[in-house]
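A.B. asks: when you get a sec, could you give me coordinates for this:
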Amino acid sequence: MRIQRLIISVTLPVLLAGHFASALADTSGSIYIVEAASVAAARDSVQSVGAHADRTLAIIHAVSARLTVRQAAQLRKRFGVRLYGDRSLRTSQSDSLLGSLTGSLESTVNSATSAVNETVSSSAVGAVTSSVVAPVLSAVETNPVVSSVTTPVVSAITSSTSTQDGSGVATPSLLFYTNFPARIGADTLQQAGITGKGVTIAVLDSGLWEDVLQNWGSRVLATQDVLDGASGPVTGDPYGHGTHVTSIAAGGAQNLAGQYLSIAPQANVVVVQAFDGTGEGRYVDVIAGLDWIVANRQKYNIRVLNLSFGAPPQSFYWDDPIDQAVMAAWQAGIVVVAAAGNEGPTPMTIDVPGNVPYVITVGALTDNYTPNDPNDDRLASFSSTGPTYEGFVKPELIAPGGHITASMSGSSYLANIDPNSMMPGENLFTMSGTSMAAAVTTGVVAQMIQEDPSLTPDTVKCRLLSTAEPAVTSAGTLAYSVFQQGAGLINAVSAVNSSASGCANVGLDVAADLAGTEHFGGPANENASGQFYIMNMAASTWGTPLPGDGLTWDAGYPWDQGYSWSQGYVWSDGYTWSYGYEWSNADTWTKADTWTKADTWTKGYTWNSSVPWWWTSQPGSATSTAPASIENWVPNQ
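C.D. replies: Next comes the predicted model:
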């Protein structure tokens, strides 16, 4: 009885506190995204329930508003209104790492650190928990991959500070060198004057710290802070991720030999800050940033948009408000490059907005710490893989994303929680992830558009995919499936010189997708044995596996094995990149029995019951507020 009385005495206050919290939440409300046929209709709908619209999100015909539970329930019943909870986004480790700095550890810390026990024991990274969401910081190497590192400017660095890469090959002293431009041929284009000049790259991230060595100068055409309703200029990057990404794509630093340390060093940039000093952001801020970019695309000649963030999908791509905004950017003529995510090698781990079929979604390659030996390069194990839940092949291609060294302030959040990844005495930081791979690809797109300003987003995507170099074995077969490497490793020179067209987003219609009149599925499927395959859409029996090398996958990953990446590989006849099929055509989708099996379609994916469905017969809930990780914390590769 004593135990029972104790339980009652403890539980009752908890129940009362819960009741009070619920009542308080109903009074103060939560932030929602309210969509309708127009911004005016969305605003009127909000006002009709006694609430006030806070921000206009014209790109998706929506407003944001703080609604009570009762007000949200009223709007859900309103015809033509779509309601979404403002979902959180984290660009990095945020809460978990912040907790580790103050000594607060989660119970899962042991499982998160056991695999990398010896490599991270001396770093702040060792305190990270398995639930940490972060760009893949340098938890393994205290030195960058490059050889005999010094600085982009002359410095008195002794020989004792020089480092060597995994092969032990050293470059001359006082010569900092980033290998990723050369690995994909971007340096060859730079030498020919193709540097992204005149093309504007927009980066939606955590801001920009303008290191004088990066020679930003007048190339930063505009900045916009959209955090929590802000509308002023960006004043820096206290977090560091945005600076790192932007400098990979378009930094202007050079080493003593005159080599650029980025891909498109003379491109212009527009910086939009949607994530705060600890890497946190929300759907409303990201959509507001996308809205600003599209609205100002002509003013600043924005042709490329880098999105090095992501979130696990909780609906079909056409039902996610960020995905909708990204599709609108693509429709407006902006090439959108998105990170695949860092949840690999598990299948079906492509993040939002990389799951949008139209955009260019990028996975990561590592050079295995031997930058001068391309034959042992491999797909990074953290790189997210496809297919998407709508059956599209993702990522479309691979780019360098392992241990990339780029600009970052030594006072940034990331530099302070992982000081071993900062170059001694330099404002350069080593980080891995598909964020970095996306930035590399963004720079290449700027080079392509400089050479041919008439390129459309679909043509850019087509040329990138048709010229990519897949990894092949010594027997000449694909080392990875299309669901892991897409078309293969990006080749900047070939992409710029390509004349290919009409080979990407075939069968898709972005206007119809945004209007809601048609939605699309891709050619990927999964059989009863858990094997993923590409369907033969032209066969007499629709939906049967398309024969061909690399078009099936048993979800395996060849660990720690490198391969050559060959442009000479000939893809199997009948396979077309990014081919889409009308989702609304029920007859089409039921021709293959496997499509109608719920256990096949949703395997490995838990549908959130609060996801807002757009069918008029089933109004959606707006309580989808689960945290959305951008990239899980893993050691550098």
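A.B. asks: mind pulling up the pLDDT for Phe79?
C.D. replies: As predicted, Phe79 sits at a pLDDT of 93.
A.B. asks: and if you look at Ser624?
C.D. replies: Ser624 is given a pLDDT of 34.
A.B. asks: where along the stretch 301-450 of the chain do the helices fall?
C.D. replies: Taking DSSP state H, counting those that start in this stretch as the test, the helices found in the stretch 301-450 of the chain are 321-331, 413-417, 434-451.
A.B. asks: quick one, which of those is nearest to Tyr369?
C.D. replies: Comparison of the helices of the stretch 301-450 of the chain against Tyr369 by C-beta to C-beta identifies helix 434-451 as nearest, at 15.3 Å. The C-beta positions use only the backbone N, C-alpha and C, and glycine is treated the same way.
A.B. asks: ok, then the element right after the closest one?
C.D. replies: helix 457-466 (DSSP states H and E).
A.B. asks: pLDDT below threshold where in the stretch 501-637 of the chain?
C.D. replies: Along the stretch 501-637 of the chain, the model assigns pLDDT under 70 to residues 537-543, 547-635.
A.B. asks: burial count for the nearest residue to Ser45 once chain neighbours are set aside?
C.D. replies: Closest residue to Ser45 apart from its sequence neighbours, by C-beta to C-beta, 6 or more residues apart in numbering: Val81 at 5.1 Å. For Val81, the count of nearby residues is 22 (other C-beta atoms under 10 Å).
A.B. asks: ok, Val81 touching Ile33?
C.D. replies: No - Val81 lies out of contact with Ile33 (C-beta atoms under 8 Å); the separation is 10.9 Å.
A.B. asks: about what we covered before: which of the helices of the stretch 301-450 of the chain comes out lowest on mean pLDDT?
C.D. replies: With a mean of 92, helix 413-417 has the lowest mean pLDDT of the helices of the stretch 301-450 of the chain.
A.B. asks: got the buried residues for that helix?
C.D. replies: 413-415, 417 (16 or more other C-beta atoms under 10 Å).
A.B. asks: dump these to CSV, plus distance to His61.
C.D. replies: Formatted as CSV, these follow (distance: C-beta to C-beta, whole Å):
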residue, distance to His61
Tyr413, 35
Leu414, 36
Ala415, 40
Ile417, 40
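A.B. asks: helix or strand with the lowest mean pLDDT in this protein?
C.D. replies: The helix or strand of the chain with the poorest confidence is helix 598-601; it has a mean of 24 (mean pLDDT, DSSP states H and E).
A.B. asks: mind checking how far Tyr260 is from Ser247?
C.D. replies: To Ser247, Tyr260 is 11 Å away according to C-beta to C-beta, to the nearest Å.
A.B. asks: so what sits against both of the two?
C.D. replies: Residues touching both Tyr260 and Ser247 (C-beta atoms under 8 Å, 6 or more residues apart in numbering): Ala253.
A.B. asks: neighbour-wise, which of the two wins?
C.D. replies: A direct count of neighbours by other C-beta under 10 Å for Tyr260 and Ser247 places Ser247 higher, at 33 against 24.
A.B. asks: just after the helix or strand where the more buried one lies, pick out the following helix or strand.
C.D. replies: Using DSSP H and E, the element containing Ser247 is helix 241-250. Following helix 241-250 in sequence order, the next helix or strand is strand 268-273 (DSSP H and E).
A.B. asks: restrict that next one to CA atoms and write it as CSV.
C.D. replies: Presented in CSV, the C-alpha positions along strand 268-273 are these (Å, rounded to 0.1, in the frame of the first residue of the first chain):
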residue,chain,number,x,y,z
ASN,A,268,28.4,35.7,-57.7
VAL,A,269,26.5,34.6,-54.6
VAL,A,270,23.3,35.5,-52.8
VAL,A,271,23.1,34.3,-49.3
VAL,A,272,19.9,33.6,-47.4
GLN,A,273,20.1,32.7,-43.7
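A.B. asks: circling back to that earlier point, which ones are touching the residue nearest to Ser45?
C.D. replies: Contacts of Val81 by C-beta under 8 Å, 6+ apart are 34-36, 42, 45, 75.
A.B. asks: distance check, it against Ala479.
C.D. replies: Taken as C-beta to C-beta, the span from Val81 to Ala479 is 49 Å.
A.B. asks: wait, Glu343 sits on Asp351?
C.D. replies: Yes - counting by C-beta under 8 Å, Glu343 touches Asp351, with 7.4 Å between them.
A.B. asks: look at these two and report which has more neighbours.
C.D. replies: Shown here are Glu343 and Asp351; by other C-beta under 10 Å, Asp351 has more neighbours (26 against 21).
A.B. asks: which residue packs closest to that one, ignoring adjacent ones?
C.D. replies: Gly310 (2.7 Å).
A.B. asks: do Ala295 as well
C.D. replies: Ala58 (7.4 Å).
A.B. asks: quick one: pLDDT of that neighbour?
C.D. replies: 98.
A.B. asks: list the contacts for it?
C.D. replies: Going by C-beta under 8 Å, 6+ apart, the list of residues near Ala58 reads 39, 291, 295.
A.B. asks: among those residues, which ones are in helices?
C.D. replies: Taking DSSP state H as the definition of helices, the contacts of Ala58 contribute 39, 291, 295.
A.B. asks: can you list the domains in this structure?
C.D. replies: Residue ranges for the domains of the chain, per automatic domain parsing: 2-85, 124-142+184-504.
A.B. asks: which of those sits closest to Asn636?
C.D. replies: Nearest of the domains of the chain to Asn636, taken as C-beta to C-beta: domain 124-142+184-504 at 4.5 Å.
A.B. asks: out of the domains of the chain, which gets the lowest mean score?
C.D. replies: Among these, domain 2-85 carries the lowest mean pLDDT, at a mean of 77.
A.B. asks: what's near enough to touch Val336?
C.D. replies: By C-beta under 8 Å, 6+ apart, the contact set of Val336 is 305, 307, 326, 329-330, 353, 356, 358-360, 457.
A.B. asks: apply 10 Å and report the result again.
C.D. replies: Taking C-beta atoms under 10 Å, 6 or more residues apart in numbering, we find Val336 in contact with 202, 290, 304-307, 326-327, 329-330, 353-354, 356, 358-361, 438, 442, 445, 457, 461.
A.B. asks: ok, now Gln47?
C.D. replies: Taking C-beta under 10 Å, 6+ apart as the test, what Gln47 contacts is 53, 63, 65.
A.B. asks: quick one: which of these is nearest Tyr369?
C.D. replies: Distances from Tyr369 to those, taken by C-beta to C-beta, are shortest for Val63, at 49.5 Å.
A.B. asks: which residue packs closest to that closest one, ignoring adjacent ones?
C.D. replies: Among residues not flanking Val63 along the chain, Ala53 sits closest, at 3.9 Å (C-beta to C-beta, 6+ apart).
A.B. asks: list the beta-bridge partners for that neighbour.
C.D. replies: Bridge pairing for Ala53 (DSSP bridges) gives the partners Ala65.
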